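Undergrad: Next come a sequence and a model predicted from it.
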2 protein chains.
Amino acid sequence: MIHCPKCEQVDSISKAGMVRGKQRYYCKSCQSHFSFADAPKPRSKHQVTIVDIARELGISKSTVSRALRNQSDIHPGTRKAVMDLAQQLDYQPNLLAYGLVKSRTNTVGMIVPEFHHYFFPEVIIGAQEVLQAAGYNLMICQSSESYQTEVANVKALMASRVDGLIVSMTSQTNNVDHFKALENKGVPLIFFNRICPELETHRVVVDDYEGAFRAVTHLLEQGYRRIAHIAGPASLLISRLRQQGYTDALMAYGLEPEPELVITYDLTDEKARIYAKHLLDLPEPPDAIFAVNDPTAIQVILIAKAKGVRIPEDLAVVGFSNDPISAIIEPGLTTVSQPVGEMGRMAARLFLETARLGEQTIPRTETLSTELIIRGSSVKK
Amino acid sequence: MIHCPKCEQVDSISKAGMVRGKQRYYCKSCQSHFSFADAPKPRSKHQVTIVDIARELGISKSTVSRALRNQSDIHPGTRKAVMDLAQQLDYQPNLLAYGLVKSRTNTVGMIVPEFHHYFFPEVIIGAQEVLQAAGYNLMICQSSESYQTEVANVKALMASRVDGLIVSMTSQTNNVDHFKALENKGVPLIFFNRICPELETHRVVVDDYEGAFRAVTHLLEQGYRRIAHIAGPASLLISRLRQQGYTDALMAYGLEPEPELVITYDLTDEKARIYAKHLLDLPEPPDAIFAVNDPTAIQVILIAKAKGVRIPEDLAVVGFSNDPISAIIEPGLTTVSQPVGEMGRMAARLFLETARLGEQTIPRTETLSTELIIRGSSVKK
DNA sequence: AACATTTCCGGGAATGTTCCCGGTAGTTTT
DNA sequence: AAAACTACCGGGAACATTCCCGGAAATGTT
């Protein structure tokens, strides 16, 4: 009945329990356990590999590997044969295996807080442009302004063994342990826009303080005096810097910033509308609003228009970023433009640099310049 | 001087050429070649692996693997020990190795033609939402409306062994061999928006024909008769369908579409402006323009306004997609709204379905519904 | 003719996992 | 007390590559 696979015995066999759903046997003469292998699984379609090519051509996989990478130590004839067959079989190198042995995946991870507005997609375009040219792929994650998601994103990207990370932080990120952990792992980390002041990394920013200062100064020059500021969350350095620029511009004009005119909020469109309404409903409403970014400013304009507040006569509005909508909305939104695509390109370049030089690159901060774009929302005719 | 590493002989050694920059020797007594290994490379920081944990704990890697995956056949005590140490060492599983053995990477690739406008990023948000919930990562590529780049993207994604592809084609894609090749490889392929009619795959679309028909009918009902159409490139099915809807709506009203009022173009903003100007400068200009999408319609409105053409009195404009700008521009843009996020979610769901069921899913086309959003650009007061 | 060099190729380790399966010890059943 | 079972664990193959290094033959040099 039951043969021992080793000694071919039949009568010295006894049962030895069910294990993992299969019967197990014990052969007393061999003193060994055994069970019967289940049917080999169908082995679904498998991609063409280097050994497939080698077998077909009757050569070794080493040779195929060399031929494919066009290295030396390869006869032109065999190289051509390999290349041709690879083409014919539509061979695609397996980046997983490659990455495993080289511990390099040629992909970099990017984590951005959101995808809804103009800004981040445009940065990504810039970054991808230079990375692609350098032979890198990009893996993009949205943290959706959630700290938890951001941590998960970092983990996922690291699990994929990306060669580096380009990140703009969540507004909720206070704990940066998940980024700190990357240092020990030797993974280049580049922040842009929403950087992390506590970490010594490469950074790409614009001069937020200066931009805000100029924007508010412009409002003052236009004669506005009761200038409100809808700021971003204090957790973000850009929020603090822009707010500081706002404050200092007022002070430089001998004005004291009024607490009731400064609101910090979480950057959601919904809250933007609520606070815009709030400001305009104040007993003594502001005559100008400097918003932390364009999406916010846009909401302010929409609310104001809906309430019949005239722009710029009753209320001036200034934003930050030069979102394309700024040029389309009426009146046009005065805004601090920043080189968005260039931010992405610069971040990518910084990555490439550290990837090339390794550890010895010293972290540096690239500050790109802003420009005040003056449109109808802040200039009375 | 030179010892043979095998027989320790000294005098039977002769040189045997330089190979790969290193001196090679020949030992006559052993009849073998040898050379001296160069210094082992410094072996840079390496991520914590399962064997590190195993070594530390004095157990085997199999056990660690089981513990980490919380499988059976593991003692609660050892599991805890492994888990704790993994936490402490910040162990991240190597997805490359995982993918190699499982031939599954838990990532899906997505190829979109562009990133500049509202549409594609929003689809991505939707797709990522459901994929992330299912434990998948997303790898996003922009083809930048270039056939070459699209082909390269497919290759890159396949090299990364993504588990599936979600694609909206380039307007230049006429040859679809690179997609056809995926069938043999058993990689699920889902098209959305710009689908590929020649391939039997899952698809997510809206009823472009119907949407266009309704949009143009609306214009006719509003009394417009000389209705132009700025269409997308004929290579895209959505362009053809929307154009057909336009044509049929006119015909249903007993009107013959005039060739000079129908323009097909490449969807760049620049060309949109040129053709908008062209139409408005016609000796007998149209009294309404139905644009293939909102970005085009927006350009038309901007050009018209710049020329002093009153909207909707002199010219009505209707778009397609309900880009957020449509609600912000003045007058508001009448447009055919499509459930953008839902498109992404649906595409992701279709992928998950085929990933679960394997080969036996029969390709199907999910058609989502559109809605005509009527705003000021097409309704005379 | 003996040695040296060059050219090309193959074998096998290593990468970090999972998976299969047998081993061992202790417990329960007959 | 033997037989059967359970609970854990470890060894080693497999995955698709790259890399190192030695083998073999052809060519060049004294």
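TA: Yep, that arrived.

Undergrad: Could you give me the buried positions within stretch A:265-272?
TA: For stretch A:265-272, burial by neighbour count (16 or more other Cβ atoms under 10 Å in any protein chain shown) applies to A:265, A:267, A:272. For every residue, glycine as well, the C-beta is placed using N, CA and C.

Undergrad: any idea of the mean pLDDT for it?
TA: The average pLDDT within stretch A:265-272 is 93.

Undergrad: Pull the distance from that stretch to the chain's centre.
TA: How far stretch A:265-272 lies from its chain's middle: 21 Å, per Cα atoms, centre = their mean, to the nearest Å.

Undergrad: do it and chain B meet at all?
TA: No - if you take Cβ under 8 Å from any Cβ of the partner chain as the test, stretch A:265-272 misses chain B, and the best it gets is 9.5 Å.

Undergrad: From start to finish, how long is that stretch in a straight line?
TA: 8 Å (Cα to Cα, to the nearest Å).

Undergrad: longest single helix anywhere in chain A?
TA: helix A:340-357 (DSSP state H).

Undergrad: What helices and strands are in contact with that one?
TA: helix A:119-133, strand A:164-167, strand A:189-192, strand A:202-206, strand A:365-368 (3 or more Cβ pairs under 8 Å, 6 or more residues apart in numbering or on different chains; DSSP states H and E).

Undergrad: and of these, who's closest to chain B?
TA: Chain B lies closest, by Cβ to the nearest Cβ, to one member of the helices and strands packed on helix A:340-357: helix A:119-133, at 4.5 Å.

Undergrad: Please write out the alpha-carbon positions of the closest one in PDB.
TA: Provided in PDB are the C-alpha atoms of helix A:119-133 (Å, rounded to 0.1, in the frame of the first residue of the first chain):
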ATOM      1  CA  PHE A 119       1.300  72.900  -7.200                       C
ATOM      2  CA  PHE A 120       2.400  69.400  -6.400                       C
ATOM      3  CA  PRO A 121       1.600  67.700  -9.700                       C
ATOM      4  CA  GLU A 122       3.600  70.500 -11.300                       C
ATOM      5  CA  VAL A 123       6.600  69.800  -9.100                       C
ATOM      6  CA  ILE A 124       6.300  66.200  -9.900                       C
ATOM      7  CA  ILE A 125       6.500  67.000 -13.600                       C
ATOM      8  CA  GLY A 126       9.700  68.800 -13.000                       C
ATOM      9  CA  ALA A 127      11.200  66.100 -10.900                       C
ATOM     10  CA  GLN A 128      10.300  63.400 -13.300                       C
ATOM     11  CA  GLU A 129      11.800  65.300 -16.200                       C
ATOM     12  CA  VAL A 130      15.300  65.200 -14.800                       C
ATOM     13  CA  LEU A 131      15.100  61.800 -13.100                       C
ATOM     14  CA  GLN A 132      13.900  60.200 -16.200                       C
ATOM     15  CA  ALA A 133      16.700  61.700 -18.200                       C
END
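
Undergrad: and it, how far from the chain's centre?
TA: Put simply, helix A:119-133 sits 10 Å off its chain's centre (Cα atoms, centre = their mean).

Undergrad: residues near whichever residue of the stretch 251-381 of chain A sits closest to DNA strand C, how many?
TA: Using Cβ to the nearest atom of the strand, the closest approach of the stretch 251-381 of chain A to DNA strand C is made by residue A:358 at 17.8 Å. Neighbour count for residue A:358, taken as other Cβ atoms under 10 Å in any protein chain shown: 10.

Undergrad: gap between it and residue B:94?
TA: 21 Å (Cβ to Cβ, to the nearest Å).
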